[in-house]
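Visitor: following is a predicted model, sequence given first.
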Amino acid sequence: MSKERYEDTKLFRMRHSAAHVMAQAVLEKFPDAKYAIGPAIDDGFYYDFDLPRPLTPEDLEQIEARMRSIIRENHPFVRREISADEARQIFKDQPYKLELIEGLEQGGFDEHGEPLAEKPVISIYTHASFTDLCRGPHVERTGEINPDAIKLMSVAGAYWRGDEHRPMLQRIYGTVWYTSEELQQYLWKLEEARKRDHRKIGKELDLFSVNDEVGPGLILWHPKGAKVRKIIEDFWMNEHERSGYEFVFTPHIGRAALWETSGHLGFYKESMYAPVDIEGQQYYLKPMNCPFHIHIYKSQIRSYRDLPMRLAEKGTVYRYERSGVLHGLFRVRGFTQDDAHHFCREDQMPEEIDFVLDFSLHILHSFGFQDIKAYLSTRPEKADGEVARWNAAEAALENSLKRSGVPYEVDAGGGAFYGPKIDLKVNDAIGREWQLSTIQFDFNLPERFDLTYIGEDGQPHRPYMIHRALLGSMERFFGVLIEHYAGAFPVWLMPIQVVLIPIADRHVAYAQKVASELKLAGLRVRVDDRAERMNAKIRDAQNQKIPYMLVVGDKEMESGQVALRLRSGENPGPIPIATFLERAKKEIEEKI
RNA sequence: GCCGACGUAGCUCAACGGCAGAGCAACCGCCUUGUAAGCGGUCGGUUAUGGGUUCGACUCCCAUCGUCGGCUCCA
C-alpha cells in the first residue's frame, strides 16, 4: 500500500483552509492588516501578517473564537482564475500580494519561494468576506473543518520571504485535526515533550548548567552529568579500540595558514571566532578536527600497507552560533565531537563503509536506539572531486545500506560539495527524529593537503578520506539521551544506581555495610542517612530516577536481606543481597 | 542578528507606583520512622546590570546582558 502524500490529504486541505479562515478573522479584527502567506505545515498551519501592534494571547483567543463561528457559518470556498491585471486590482492595497503576483507573472514561485516548473495560472479563493491569492486546493466549505479540533498555538516573528533584510511579520501558528481526540493527542505529545525537556531535567537531576557569566552556549557539566559522560566515553573508547581505531589528541587552536589550506577560512569563516594573536601570528579556535588529523596522517610517508587508518578523537570544537539559535545542549558554541577520520585505498573503500555503518548502528543500538533511519545524500550540482570517485562512493554507501537492512531514503543532490554522505537518524520514545551519526566522504581536503600513500606500484596515490561522527557531539547526544529516557537512563548509564534507605538510625551501619559490598562489586551506591522519614527518602530517590532503592530495617538486618523497590514503582520486596547483585549486574550487562 | 515575551532567595513562583513575600531546598532542633513530602525554628534579596521619570520604582521609560518561543542559519 503506498502512502498518500500529505499534500493530497483532506487534512492538508483543512489546514490550508483553516489558515484562510484565520486570516478572515484577523482581517475583521484589524481591517488595515496586510496579509502575506499562509500555508499548511506539518502539524497545522500558519499565516503571516503585518499588523499595527503586537498580538497578545487575548487576541489569539478572540481570533480562535471567531474562527469557530466562521466555520459554523459553513461558507463555500470558491475558486476563480483571473489575469494578473485583475489580481493587481483586487489586491491593490496588499503589497505582499502584489509582490507575489509579480513573482507569479515572472514564472512563479510556490509558497516556499521555490521556482515552479511552468508559469502558473493565477487563482483566487473566496469564502465569506475573505479573498486570497491562492493556488489551493481547499475543502468545499468551511464547515468541513472540525471547530472542536482547531487551536491557535503561538505568535512569532518571521521575515517576509524568510529574508532577514525584509520586514518582520507576525506569524500566527495554529493546528487542526480531524477530531478533537487527535487534537488532544497532539497537545499531549507537546506536553510530554515539555516534560522531557533536557534543560528542565538537567536542572532537576543536577546534570549540567549554563551560566551567564561563563557565557551563553557554553556547557558546565556537573558531577552527575560528567559521570554519565564518562561512562559514555569509556564505552565509546573501548568499542573503538576493539574495532581498530587509534586515538589521537589535537590542540584547540591552529595557525591561520592551516585554515587557509583546509579552506575553512574561505567557506566556513562565518562560523569561526576571531583569531588570537600570538607573537604576531594569527591562530584560530578550531571549528573542526579534520586538519589536525590530516597532519597526523601526513607526518610520514604512508604505505598502502598502512591503510586503512582510523584516527579517532573526542575533539572539542568551537563554532560561532548566532545568539538567537542557542538551545540548551542542542545548539551550543563549544562542543565535543566523537570524531574520526578514515583513510583508505580505493579497493578497501566499500569494505570500510560496511564497517563504519555497522559500527555506527552497533553504537546507537547500545544506547537503546532501535528505531533508526538512514538518509543518503548524493552529488549536488556544484561539486568538487572526480565524478568517478563520487560514483564509487555513492555506490558503496548505498550497497552498505542495502546490506545492513536499515530503512533509508535518498536525497538526490543533497550532498555537500566535497562528498556524499549517510546521516543516521533515530526515533525517540515519543516519536521525534534526531540526527546523530554522519558518515561523510571528503574529496576536497585530500586534494588541498595533497594526501598520498605509496601503492604497490611504488607510485603515490590519493587515499579516500571519510569523516564520521557517531553520537554527533557529547552535548547534543546527552540532550537527546535525556529527552529519550526522560532522565531515567538505563542502569549502566545512571550516575547513581542504588540508594540504600535505612528506616531508622539504627539501620545506618547495616546500610553502609551493604553499600560497601555493592561498591566492591562495581555498583554506584549512595546511603541516604539523612534524618528523614523513609517515605521522604523514597520520594527523593524516585524523583532522581534512581533505578534501585534498597530499604533496610529491622527485618532486613536480621535476615541479611534488602527490600528492593524499583523506580517504576514496582516493589519486589525483601531479597538476599546476592540475589539483588545478580539482578543488577545482569541488567547493567544487558544495558537495560 | 531580527520580532515578541520574560528576568524577584539555590529552585518554583507571588507582590504590578506606597514597608519584597510563600512553598521547597539549606542550617539547627525534636521525632526513630516500613514503600512518593513528620513537626518546629533559623538563615537567605543592591528585585539581571546601568541610567532615567517620580515625593516614592520589583512595578513606568531607555540601554546593555541573558533566558524562552519563533525567524534566519545549520560545513
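Guide: Here it is on my side, so go on.
Visitor: make it CA atoms for all contacts and neighbour counts henceforth
Guide: Noted.
Visitor: now for the helix or strand hosting residue A:184, which elements pack on it?
Guide: Assigned by DSSP states H and E, residue A:184 belongs to helix A:180-196. For helix A:180-196, the helices and strands in contact under the criterion 3 or more C-alpha pairs under 8 Å, 6 or more residues apart in numbering; DSSP states H and E are helix A:474-485.
Visitor: mind saving the C-alpha coords of the helix it packs on as CSV?
Guide: The C-alpha trace of helix A:474-485 is given here as CSV (Å, rounded to 0.1, in the frame of the first residue of the first chain):
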residue,chain,number,x,y,z
MET,A,474,28.7,14.7,23.5
GLU,A,475,26.5,17.7,24.4
ARG,A,476,23.8,17.1,21.9
PHE,A,477,23.8,13.4,22.3
PHE,A,478,23.4,13.8,26.1
GLY,A,479,20.5,16.1,25.4
VAL,A,480,18.8,13.5,23.2
LEU,A,481,19.5,10.8,25.7
ILE,A,482,17.9,12.8,28.5
GLU,A,483,14.8,13.5,26.4
HIS,A,484,14.5,9.9,25.1
TYR,A,485,14.6,8.5,28.6
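Visitor: any buried residues in it, and which?
Guide: By 16 or more other C-alpha atoms under 10 Å, the buried positions in helix A:474-485 come out as A:474-485.
Visitor: ok, now stretch A:252-263?
Guide: A:252-256, A:258-259, A:262-263.
Visitor: may I have it as CSV, with CA atoms only?
Guide: Taking C-alpha atoms only, stretch A:252-263 is exported to CSV below (Å, rounded to 0.1, in the frame of the first residue of the first chain):
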residue,chain,number,x,y,z
HIS,A,252,42.2,23.6,20.3
ILE,A,253,43.9,26.2,18.1
GLY,A,254,45.8,26.3,14.9
ARG,A,255,47.5,28.9,12.7
ALA,A,256,45.7,30.8,10.1
ALA,A,257,47.8,29.0,7.4
LEU,A,258,46.2,25.7,8.4
TRP,A,259,42.7,27.0,7.9
GLU,A,260,43.8,28.7,4.7
THR,A,261,45.0,25.3,3.4
SER,A,262,41.9,23.5,4.6
GLY,A,263,39.7,26.1,3.0
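Visitor: centre of the chain to it, how far?
Guide: 29 Å (C-alpha atoms, centre = their mean, to the nearest Å).
Visitor: do stretch A:383-392 as well
Guide: With C-alpha atoms, centre = their mean, you get 29 Å for stretch A:383-392.
Visitor: quick one: it near RNA strand B?
Guide: No. Using C-alpha under 7 Å from any atom of the strand, stretch A:383-392 never reaches RNA strand B; the gap is at least 8.3 Å.
Visitor: now swap in stretch A:451-469 and tell me
Guide: No. Stretch A:451-469 stays clear of RNA strand B (C-alpha under 7 Å from any atom of the strand), getting no nearer than 11.2 Å.
Visitor: the nearest residue to residue A:173 once chain neighbours are set aside: how many residues sit nearby?
Guide: Nearest non-adjacent residue to residue A:173, counting by C-alpha to C-alpha, 6 or more residues apart in numbering: residue A:46, 4.4 Å away. Per other C-alpha atoms under 10 Å, the neighbour tally for residue A:46 reads 27.
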